[in-house]
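> I'd like to go over a predicted model; first the sequence, then the structure.
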Amino acid sequence: MKTITEQKPSEEITGYLKECQRVYLIGCGTCATMCHTGGKSEILESKGKLEASGKKITGWMIIPTACDDLTKYALLEEANNIKAADCILALTCAIGVQNISNYLEGSKPIYPALNTTFIGIEDRPGHFIEVCMQCGDCVLGRSASICPLVRCAKSLLNGPCGGSSEGKCEISTDVPCAWQMVYDRLAATDRLDELEEIEPVKDWSVSISGGPRKIDVIAECVIAATEPTKSEADTLRRPPQ
Ligand code: SF4
Ligand code: SF4
């Protein structure tokens, strides 16, 4: 899984930095490096451009994975250089920006240099496709592992729209029809009868439509460890002999 990012328009970044004379730059060694948006060469390119425009760069680093816990140690190591800056420009995905900001407890303005566009996989070198919109109620088990929500232009859940032509989506001859792919995969494994099952109306309340989502995995582990199994529950319910 990769978080796909694109460089923001330079005018937008210039606007963010207009009150900042001294800037600290942060990139990410994982997804942003793979997308060629926040690796070493992009950081050095940004550094050169900002210096050419009269800004002072107090320092820069590539955090190995800007969305994880080790980020706080990277920030501590560079604390003096970060402190010397008026703001941080983050060449990371939006998760990295928020993670860094949380560790700095909002003490330093941090601006995104990238747009976070989608969750994707690399289907060929340097080419990423969206594969999941994190809907919270996955249907891949009923769609031959092809997400109809993001791979079909109409997010159809019960088969094609009728606009498909020669295996391509009606929106573009460059875009494969998701439902043609589903059909082909099911046909190849003799499972076409699965297409006759009607997908029920989707529950969007578990998606972002239901508000910010959160999961407390620690609490869930504790509950799972302390909840009795069915046989334990039966034993508990059994009246004393
Ligand atoms: S059905 Fe939902 S969870 Fe599954 S791949 Fe598609 S968007 Fe992601
Ligand atoms: S042509 Fe296929 S992918 Fe395109 S909108 Fe119709 S069903 Fe979806």
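Thanks, I have the structure now. Ligands and ions are numbered 1, 2, ... in the order given.
> for this protein, longest helix please?
helix 40-52 (DSSP state H).
> identify the residues contacting residue 192.
183, 186 (C-beta atoms under 8 Å, 6 or more residues apart in numbering). Glycine gets a C-beta too; all of them are placed from N, C-alpha and C.
> ok, which residues in the chain are in contact with ligand 2?
Contacts of the chain with ligand 2, taken as C-beta under 6 Å from any ligand atom, map to 152-154, 156, 160-161, 163-164, 169-170, 177-179.
> go again using 5 Å as the cut-off
Neighbours of ligand 2 within the chain, by C-beta under 5 Å from any ligand atom: 152-154, 160-161, 163-164, 169-170, 177-179.
> turn the residues you listed into a markdown table, columns for distance to residue 79.
Below are those laid out as a markdown table (distance: C-beta to C-beta, whole Å):
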| residue | distance to residue 79 |
| --- | --- |
| 152 | 48 |
| 153 | 47 |
| 154 | 50 |
| 160 | 56 |
| 161 | 55 |
| 163 | 56 |
| 164 | 56 |
| 169 | 50 |
| 170 | 54 |
| 177 | 52 |
| 178 | 48 |
| 179 | 53 |
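> of the residues you listed, buried ones?
For the residues of the chain next to ligand 2, a burial check counting by 16 or more other C-beta atoms under 10 Å picks out 152, 160, 164, 169, 177-179.
> out of these, list just those in helices.
Using DSSP H, those in helices are 178-179.
> same list (the buried ones among the residues of the chain next to ligand 2) but as JSON lines, adding pLDDT and distance to residue 191.
Formatted as JSON lines, those follow (pLDDT from 0 to 100; distance: C-beta to C-beta, whole Å):
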{"residue": "152", "pLDDT": "98", "distance to residue 191": "19"}
{"residue": "160", "pLDDT": "96", "distance to residue 191": "17"}
{"residue": "164", "pLDDT": "95", "distance to residue 191": "20"}
{"residue": "169", "pLDDT": "98", "distance to residue 191": "23"}
{"residue": "177", "pLDDT": "98", "distance to residue 191": "18"}
{"residue": "178", "pLDDT": "98", "distance to residue 191": "17"}
{"residue": "179", "pLDDT": "98", "distance to residue 191": "14"}
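> out of the buried ones among the residues of the chain next to ligand 2, who's nearest residue 14?
Within those, the smallest distance to residue 14 is 37.3 Å, found for residue 169 (C-beta to C-beta).
> what about the closest residue in space to that closest one that isn't next to it in sequence, how many residues close to it?
Spatial nearest neighbour of residue 169, chain neighbours left out: residue 175 (4.2 Å); criterion: C-beta to C-beta, 6 or more residues apart in numbering. Neighbour count of residue 175, defined by other C-beta atoms under 10 Å: 14.
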